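[1] A predicted structure for the sequence below; I have some questions about it.
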Amino acid sequence: MNLYVGNLPKTAKDRDLAALFEPFGKVVAAAVVRDRRSGDSRGFAFVEMASRAEGEHAIAGLNDTEWEGSKLQVNEAREREAAGGRPGAGPRSGGRASSSGGPGFLRGGRDPNTRGNHNITGRRGQRGA
């Protein structure tokens, strides 16, 4: 079972987090999420427990408890949503999410059927009015 652990202290390390969860069952993985640029903790982590029963036991035992001066939030991790909060809206979704607001337009507001720096006309290869 995958668990979300929120409100972590900035000093939290993967091994410390795993040690915190071990009394509740086998910890398969524990990872503190870090900022890509600075490497600092972003204040949350994910812990994978070997079974659902162990995960539920860890939630019951650790949610709303204090650890290193921070009151932890522990619950079942949810599936990741695409950007924008709707399925298929993320930048890597393969869909044609548009910043121009019109259906069928790519980012930047250009019609995919025109070439170069033409205005949006919908007519292939002709300049817009």
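    Arrived safely.
[2] Please enumerate the helices of the chain.
    14-21, 52-62 (DSSP state H).
[3] The first one vs helix 52-62, what angle?
    For the pair helix 14-21 and helix 52-62, the angle between their directions (axes from the mean of the first three to the mean of the last three Cα atoms, to 10 degrees) equals 90 degrees.
[4] Pull out the buried positions in helix 14-21.
    Leu17, Ala18, Leu20, Phe21 (16 or more other Cβ atoms under 10 Å). In this view, the C-beta of every residue, glycine as well, is placed from N, C-alpha and C.
[5] which secondary structure elements does that helix contact?
    Applying 3 or more Cβ pairs under 8 Å, 6 or more residues apart in numbering; DSSP states H and E, one finds that helix 14-21 contacts strand 27-34, strand 41-49, helix 52-62.
[6] If Glu66 is in a bridge, with which residues?
    Lys71 (DSSP bridges).
[7] Return the set of buried residues in stretch 56-69.
    Neighbour count says stretch 56-69 has Glu56, His57, Ala58, Ile59, Leu62, Trp67 buried, by 16+ other Cβ under 10 Å.
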